[in-house]
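Visitor: Curious how this folds, go ahead:
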Amino acid sequence: QELEGASKTDLQIIGVASLKQAGKQEISFFSNRLFKKELLETQAAAVIIAFKNQQLCQNVPKLLMDNPYLGYAVAAALLNPPIRQPPGIHPSAWVSPEACLDATVSVAPQAVIEADVKVGSEVEIGPGCVIQRGVEIGNQSRLVANVTLCTGTKLGQRVIIHPGAVIGADGFGNANDNGKWVKIPQLGGVTIGNDVEIGANTTIDKGALDDTTIGNGVRLDNQIQIGHNVQVGEHTAMAGCVGIAGSTCIGSYCLIGGDVGIAGHLEIVDHVQITGGSKVMQSIREPGVYSSGTPLEPNQRWHKNYHRLKSLDDMARRLKKLGQAEKK
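Guide: This is a model prediction of the structure:
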């Protein structure tokens, strides 16, 4: 990294803001040419910008980096450190005498921690969280509020789980007996690796027999449903409202867009990107970018195309007959 346009004593930076909103003591970043106008007009104390774009930034000091977006992330984290809660158990929380908590753990009001739970050092358990029997939580993990960890759940270190998430509820397992459903006991658990972040109201079901597993460094957005026995590889990221049916295996370093639906018992290799709204009905065995669905278009045009699509099979049959007739 290299700072140009200011001496070391010129700048006092106390925050991070957008190019449009940044003031004289805030740093911003430029990583998309769509914001060129905002860059020219910014009042920021300095701008994080790529070497290749440095000529666009003439009015303010610039911090040159190969990856300005990463620089923004690092700066934001440095200038906005998390506020850690002091160790201790709030009087309104209930902790089983058979639970094992490190002395540095913080337990907020109305939390419930059942027997045989193991909680590592510097863990924060937010208000209203429920930690069921036998759960294990790794060091420096944080449950923000109203998080439920069901029996059989194991969290690695530095895991962050946002409000309303439910980890380890029963998977959707039922057998049919002459039209009546018989519940199949879900005997597995959920194993979550290190440095995972799970969004608000996301649900990850326990396995039927083996564990559902989430690899190290995975990022899950809000309102995602992960079915029983699903395997998610390291550093894969999913946007909101993704649904993954049971026993599907997703590789590492995958990117899955919002509202993607993935059928069960599929395999998706490493380094796959699936664009938003796609429906995955078969395994993906080659890395790459995949899409499905109909993009937005004016309603009248969509209706016309829809009716044409219904006639597609008939049109194909006619074309086949015409081709056969020409050969004769």
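
Visitor: got the residue ranges for the strands in the stretch 201-328 of the chain?
Guide: Using DSSP state E, counting those that start in this stretch, the strands of the stretch 201-328 of the chain run over residues 203-205, 212-214, 219-220, 225-226, 231-232, 237-238, 243-244, 249-250, 255-256, 261-262, 267-268, 272-274, 279-280, 288-290.

Visitor: Quick one, which of those gets closest to residue 45.
Guide: Taking CB to CB, strand 219-220 is the member of the strands of the stretch 201-328 of the chain nearest to residue 45, at 30.0 Å. Bear in mind the C-beta positions are built from the backbone N, C-alpha and C, glycine included.

Visitor: so what does the closest one touch, helix or strand wise?
Guide: strand 197-198, strand 237-238 (3 or more CB pairs under 8 Å, 6 or more residues apart in numbering; DSSP states H and E).

Visitor: now the last one: mean pLDDT?
Guide: In other words, strand 237-238. For strand 237-238, mean pLDDT is 99.

Visitor: List of residues touching it?
Guide: 218-221, 224, 254-256, 260 (CB atoms under 8 Å, 6 or more residues apart in numbering).

Visitor: ok, now the first one?
Guide: Residues lying outside strand 197-198 but in contact with it, judged by CB under 8 Å, 6+ apart, are 159-162, 165, 167, 192, 204, 218-220.

Visitor: Now flag whichever of the contacts of strand 237-238 is closest to residue 76.
Guide: Nearest to residue 76 among these, counting by CB to CB, is residue 219 at 16.0 Å.

Visitor: who touches that closest one in this structure?
Guide: Taking CB under 8 Å, 6+ apart as the test, what residue 219 contacts is 196-197, 236-238.

Visitor: do residue 282 as well
Guide: Residue 282 sits next to 263, 266 when contact means CB under 8 Å, 6+ apart.

Visitor: Need the per-residue pLDDT for it.
Guide: According to the prediction, residue 282 has pLDDT 98.

Visitor: Next, work out how far apart it and residue 247 are.
Guide: 15 Å (CB to CB, to the nearest Å).

Visitor: And residue 65, by the same measure?
Guide: 42 Å.

Visitor: Tally up the residues packed near residue 104, please.
Guide: 17 (other CB atoms under 10 Å).

Visitor: Ramachandran coordinates for it?
Guide: Note on residue 104: backbone dihedrals following degrees, to the nearest 10 are phi -90, psi 0.

Visitor: thinking again about what came up before, so which of the contacts of residue 219 is the closest to residue 124?
Guide: Distances from residue 124 to the contacts of residue 219, taken by CB to CB, are shortest for residue 197, at 14.1 Å.

Visitor: Mind naming the longest helix for this structure?
Guide: The longest helix of the chain (DSSP state H) is helix 312-327.

Visitor: average pLDDT across it?
Guide: Here the average pLDDT along helix 312-327 is 85.

Visitor: again, but for stretch 51-61
Guide: Here the average pLDDT along stretch 51-61 is 90.

Visitor: which of the residues in that stretch are buried?
Guide: Across stretch 51-61, burial judged by 16 or more other CB atoms under 10 Å covers 53-54, 57, 60-61.

Visitor: which non-adjacent residue is nearest the residue nearest the centre of the chain?
Guide: Computing the C-alpha centroid of the chain and ranking residues by CA atoms, centre = their mean puts residue 220 first, at 1.9 Å. Nearest residue to residue 220, sequence neighbours excluded (CB to CB, 6 or more residues apart in numbering): residue 198, at 4.8 Å.

Visitor: Which pLDDT value belongs to that neighbour?
Guide: Note on residue 198: pLDDT of 99.

Visitor: what's the distance between it and residue 190?
Guide: 11 Å.

Visitor: Would you mind listing the residues touching both of the two?
Guide: Common neighbours of residue 198 and residue 190 (CB under 8 Å, 6+ apart) are 167, 204.

Visitor: Show me which helix or strand of the chain is least confident by mean pLDDT.
Guide: Here the helix or strand of the chain ranked lowest by mean pLDDT, DSSP states H and E is strand 2-4, holding a mean of 58.

Visitor: Residue 295 versus the residue nearest to residue 216 when sequence neighbours are not counted, what's the distance?
Guide: Closest residue in space to residue 216, ignoring its immediate chain neighbours: residue 193 at 3.7 Å, by CB to CB, 6+ apart. From residue 193 across to residue 295, the span is 35 Å (CB to CB).

Visitor: now swap in residue 206 and tell me
Guide: Distance of residue 206 to residue 295, given as CB to CB: 37 Å.

Visitor: Same drill for those two, tell me which one is more crowded.
Guide: Between residue 206 and residue 295, counted using other CB under 10 Å, the more crowded position is residue 206 (25 against 7).

Visitor: related to what we said a few turns ago, the longest helix of the chain: how far from the chain's middle?
Guide: 48 Å (CA atoms, centre = their mean, to the nearest Å).

Visitor: go on, stretch 225-235?
Guide: For stretch 225-235, the distance to the chain centre is 12 Å (CA atoms, centre = their mean).

Visitor: Identify all contacting residues around it.
Guide: 171-173, 186, 188, 193, 202-218, 220, 242-254, 264, 270.

Visitor: Having no further points to raise, I will conclude here.
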